[in-house]
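Participant: only geometry, no sequence info:
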């Protein structure tokens with residue numbers, strides 16, 4: 001059972017991904033995230049926002065095409081989405097997520113790169129993945145995942 005909403009938003013994140021609410025589409029789940037946490041992600045997820053709102057959604061557990069199924073359109077209706085919006089999912093464990101909803105519309109120029117990235121990824125390996133290091137002159141970057149914050153407009157909270 002997931003912790004209450006007020007605890008979910010305070011817990012440290014273990015992973016994160018962005019999804020885009022695109023009219024007529026289900027909620028895409030980042031494939032790298034799905035692979036990394038495949039052994040612990042169940043079908044039912046608890047989503048909590050900073051205002052204390054709690055939503056229950058169902059995840060399809062499909063590593064080739066991971067999506068949020070039941071509950072996605074209810075989520076869009078609850079937040080009053082009229083256009084296309086970005087949602088940041090901060091995973092805190094036990095199938096619980098702190099979500100941050102961006103209310104401004106996503107520019108159309110973001111759709112194709114986002115969909116290409118979501119749909120075009122090839123399954124290279126089955127996780128869990130370990131930390132990696134990328135040598136970039138003159139910097140070293142160490143992390144367990146990479147997020148293109150400019151393209152998806154998500155920040156590492």
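Facilitator: All right, it came through fine. Note that the structure is predicted; figures quoted are calculated from it, not measured. Numbers count the residues shown, from 1 in each chain.

Participant: Can you give me every residue that contacts the closest residue to residue 71 other than its chain neighbours?
Facilitator: Leaving out its chain neighbours, the residue that sits closest to residue 71 by C-beta to C-beta, 6 or more residues apart in numbering is residue 57, at 3.4 Å. (C-beta placed from N, C-alpha, C; glycine too.) Counting by C-beta atoms under 8 Å, 6 or more residues apart in numbering, residue 57 makes contact with 27, 44, 45, 47, 68, 69, 70, 71, 72, 75.

Participant: again, only using 6 Å
Facilitator: Applying C-beta atoms under 6 Å, 6 or more residues apart in numbering, we find residue 57 in contact with 45, 68, 71.

Participant: Look at it and tell me its secondary structure.
Facilitator: strand (DSSP: H, G, I helix; E, B strand; the rest coil).

Participant: wait, isn't residue 47 in contact with residue 96?
Facilitator: No. Counting by C-beta atoms under 6 Å, residue 47 stays clear of residue 96, with 8.0 Å between them.

Participant: what about the strands in the chain?
Facilitator: 15-21, 27-28, 44-48, 54-58, 67-68, 85-93, 96-101, 132-136, 139-143 (DSSP state E).

Participant: Which strands border the longest one, and is each parallel or antiparallel?
Facilitator: The one in question is strand 85-93. strand 15-21 (antiparallel), strand 96-101 (antiparallel) (DSSP bridges).

Participant: okay, the angle between that strand and strand 44-48?
Facilitator: 110 degrees (axes from the mean of the first three to the mean of the last three C-alpha atoms, to 10 degrees).

Participant: Point out where the chain drops to low pLDDT.
Facilitator: Residues of the chain that meet the criterion pLDDT under 70 lie in 1, 20-24, 103-157.

Participant: for stretch 37-56, which positions count as buried?
Facilitator: 37, 41, 45, 46, 47, 48, 49, 55 (16 or more other C-beta atoms under 10 Å).

Participant: And the contacts of that stretch?
Facilitator: For stretch 37-56, contacts defined as C-beta under 6 Å, 6+ apart pick out 2, 5, 8-9, 15, 57-59, 75, 95-99, 127.
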